[in-house]
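J.: Below are the sequence and a predicted model for it; my questions follow.
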Amino acid sequence: MMMKPYTSLRTPALGRVARQALTLVLLLMAMGASAQDVFRLTGLVTDKDTKEPLLGVSITDPETRRALAITDIDGRFAINVHSGATLRFSMVGVKSQDVKVKSSHKYIEVKLQPNDVALEELVVTAKHITDKIQPEPTDIEVRGNYFHVKTRVRVPREMFSHNNRLVVQPVIYNVTRHEEQLMRPMVYDARTYNRTQDRLYDYRMDDPQGDPLAQYVVVKTKEKREKGRTNDIIGYADSAYVEHVKDDYTCNVYMAIENYNRIVYRDTTIIAKGTINPLRWLDYSFAASQLNDSAYWPKPEVQLRDSKGEVNLRFPMNKAAFDPNDPNNIAEIGKMREQIEQISADKDATLQSLTINGTSSPDGRYNSNLQLAKKRMDYAVNYLRGLVPERARRGMKFASNAAVAPWGKVADLLRADSLYDEARQVESITKRWGNIDDQSRGMRKLPFYRSLLMDKYLPRLRHVGYVMNYSVFRQLTLDEIRQLYAADYKQLTKYEYFRLYRAEADSVRRETMLRQALEIYPSFMVAANDLSALLINRQAADADLLRPFAGKNAPAVVNTNQMTALLNAGLYTAADSLSAFVPDNETTHMLLAVNAVLNGRFDGYYETVAKTGQRNELVMLLAMKRNDEALKLSKQLPDDQALTHYLRAICLNRLEEVSDAYDELRKALDMDPSLKQVAHADGDVNDLLLDSKDNH
């Protein structure tokens, strides 16, 4: 349950005189403070014996009991204070210490002496009743993604009078990410305080709309007295959902006692260092699959593609009609007829237009040549129109363009054949005469006009061509898709992306294509599944990819892949919720069994997972607290593996064979020093590590 951090409860209404008096006191305090210098003070608080930094030390003003700061994970603090102020450093488990500071003290180090409560040893001794509230040290037990905390809080009678309220709130602190997660508060009211609150506020204490802490209140009774002692003892149990179960955690407890108008006591302590989670060592790996059910594949989309063709027809000199028996014309007309038939036979193709382009040679008079070209175009249009089936001609546009080739084109043809001198002579005439008829008269005077130009080059300028535009709806070929992708990846359709990445053998390029497909089409479930499968098989699972798709209506492979990704990400509770939509078959049975075990359900699944290896069986025995069986099994594991000694240390430590447990842990750390970081977060062995001389 997420709650706001506890600060103070609503103060009952004060009388008018009391309010005025309180205002005067605050004003006088403010006037006195203004005359003093304020400066920034930073510092470090450590344990005097172990030299370790202390997290959660309260720094207060001993006169007003106002909380000023709390040390962080490194034992550090930073506050603004007045010169000459006295600071009190206190925490459950250590002796309080008052320190007077001066403006010359920009940085201080405070070493606190441990007292009756030795948290590192997880043992609470009570030689006498102190003036501290004492939450019992405990363990953070992990089941799935839920952290379970159980403790008891001892409250000395001497510090808890009839007009007080105690608020205790455990806080799960993620040391790795420096994040806090508040748990349900526990509220302990003295009888008089409870009755007074009810009367002053004029509402029932059990009404959540009145006192915001009403639902958590327990009223002080004689039955809560600890046997043989004057302390009251209150039990506490709650759980909190935690996403990153493999991080390093502690459980802190914030505590405060208040009377009707102020907080009279505030403190904080750590009751658990690390988590009890042997299943962190459960070894499992599952392969992921592509979505191969074609019912979910994107449908092929035909795309509009424009095409064109071209043929060349030869006309006799000064004739408007071409000879259909000319071998060249027979071949060209046959090519055009075949293309028209192919387009007409394609139900997805549509003929749009047929445009005839005709050109005559420049010899002779220009106007006569142009008129000849137009006649040739009219003839060609009518002839070629007849090649198009009547049903295909409906809505089709026919047009023609006629032109006379310029003499400059003749010069280009000559130069292309390396006749540079002849080309220069032709160009000199075109430059000298601007009128094409004058140019023609000049060309006829050239010595090579009849032998070269008329016989060889002018006929090459006389032709009729067509451009037939048509639209066809068809699927792109893979090569065309690749070309389109290279030009602009945002142009591809879902189906084209599907064909592209499924044909790609290189996994890095395939991943890029899949991410681009999801960028353009966020609802592309097949691409999301295939990318998730690729990442899972690469040991880089992304639990967010299939989150929008997985569930009741998703195909089995999507739910299976998402469940695998969630387990790999340590999101066991989310995976468990999804397991209802994963069918239990030969492919998924082990996945479902591992999921159940990681969520604390062993009945019916223990045997299945135990078959995967002795180490997996051992960590399950530890999770089930069958410690004797776990120790016996640990002796069958190979001694040349560091994890064998680590797990054996857990077994021995739980069975209070501390010396042997210490030896096994030292062997594990010697063989694999990286295990030390894990041991710091492991509530099963970190007490051994704290006692270890190697902990530096």
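T.: Yep, that arrived. The shown structure was predicted, so the numbers you read here are calculated from the model rather than taken from an experiment. Numbers count the residues shown, from 1 in each chain.

J.: Could you pull out the strands in the stretch 451-600 of the chain for me?
T.: Assignment of strands within the stretch 451-600 of the chain using DSSP state E, counting those that start in this stretch yields the ranges 463-474.

J.: got any ranges where it has weak pLDDT?
T.: Segments of the stretch 451-600 of the chain classed as low confidence (criterion: pLDDT under 70) are 464-466, 468-474.

J.: ok, the closest residue to Arg143 other than its chain neighbours - how many residues close by?
T.: Of all residues not flanking Arg143 in the chain, Gly600 sits nearest, at 3.7 Å (CB to CB, 6 or more residues apart in numbering). C-beta coordinates here come from the backbone N, C-alpha and C atoms, glycine included. When neighbours are counted by other CB atoms under 10 Å, Gly600 registers 17.

J.: Grab the most central residue of this protein for me.
T.: Centroid check for the chain by CA atoms, centre = their mean gives Asp544 as the closest residue, at 5.5 Å.

J.: hang on, the earlier thing: just list the residues touching the residue nearest to Arg143, thanks.
T.: When contacts are counted by CB atoms under 8 Å, 6 or more residues apart in numbering, Gly600 is found next to 143-144, 623.

J.: In CSV, list those residues along with neighbour count, pLDDT and distance to Ser418.
T.: Written out in CSV, the entries for the contacts of Gly600 read as follows (neighbours: other CB atoms under 10 Å; pLDDT from 0 to 100; distance: CB to CB, whole Å):
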residue, neighbour count, pLDDT, distance to Ser418
Arg143, 18, 90, 90
Gly144, 23, 91, 86
Ala623, 24, 95, 91
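
J.: from those residues, which ones fall inside strands?
T.: When DSSP state E is applied, these are split such that Arg143 fall in strands.

J.: quick one: secondary structure of Thr42?
T.: strand (DSSP: H, G, I helix; E, B strand; the rest coil).

J.: And the next helix or strand past the helix or strand encompassing Asn367?
T.: When elements are assigned from DSSP states H and E, Asn367 belongs to helix 366-385. Toward the C-terminus, helix 366-385 is succeeded by helix 390-393 as the next helix or strand (DSSP H and E).

J.: Give me the residue ranges of the stretch 201-350 of the chain where confidence is low.
T.: Counting by pLDDT under 70, the stretch 201-350 of the chain contains low-confidence ranges at 201-211, 223-230, 301-310, 348.

J.: Show me where it has its strands.
T.: Listed in chain order, the strands found in the stretch 201-350 of the chain under DSSP E, counting those that start in this stretch are 217-219, 232-241, 249-258, 263-273, 275-276, 303-307, 312-313, 349-360.

J.: Can you lay out the ones you listed as TSV showing mean neighbour count and distance to Ile59?
T.: Converted to TSV, these look like this (neighbours: other CB atoms under 10 Å; distance: least, CB to CB, whole Å):
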stretch	mean neighbour count	distance to Ile59
strand 217-219	16	29
strand 232-241	17	26
strand 249-258	22	14
strand 263-273	22	11
strand 275-276	23	28
strand 303-307	12	71
strand 312-313	18	97
strand 349-360	20	84
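
J.: Same list (those strands) but as CSV, adding distance to Val168.
T.: Compiled in CSV, those are given as follows (distance: least, CB to CB, whole Å):
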stretch, distance to Val168
strand 217-219, 10
strand 232-241, 7
strand 249-258, 5
strand 263-273, 10
strand 275-276, 21
strand 303-307, 68
strand 312-313, 97
strand 349-360, 80
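
J.: Between those strands, which one is closest to Glu52.
T.: Distances from Glu52 to each of the strands of the stretch 201-350 of the chain were compared using CB to CB; the shortest belongs to strand 263-273, at 11.1 Å.

J.: pretty sure Val467 contacts Asn357?
T.: Yes - with contacts counted by CB atoms under 8 Å, Val467 reaches Asn357, the gap being 6.8 Å.

J.: what touches both of the two?
T.: Taking CB under 8 Å, 6+ apart as the contact criterion, no residue touches both Val467 and Asn357.

J.: Brilliant, that's me finished.
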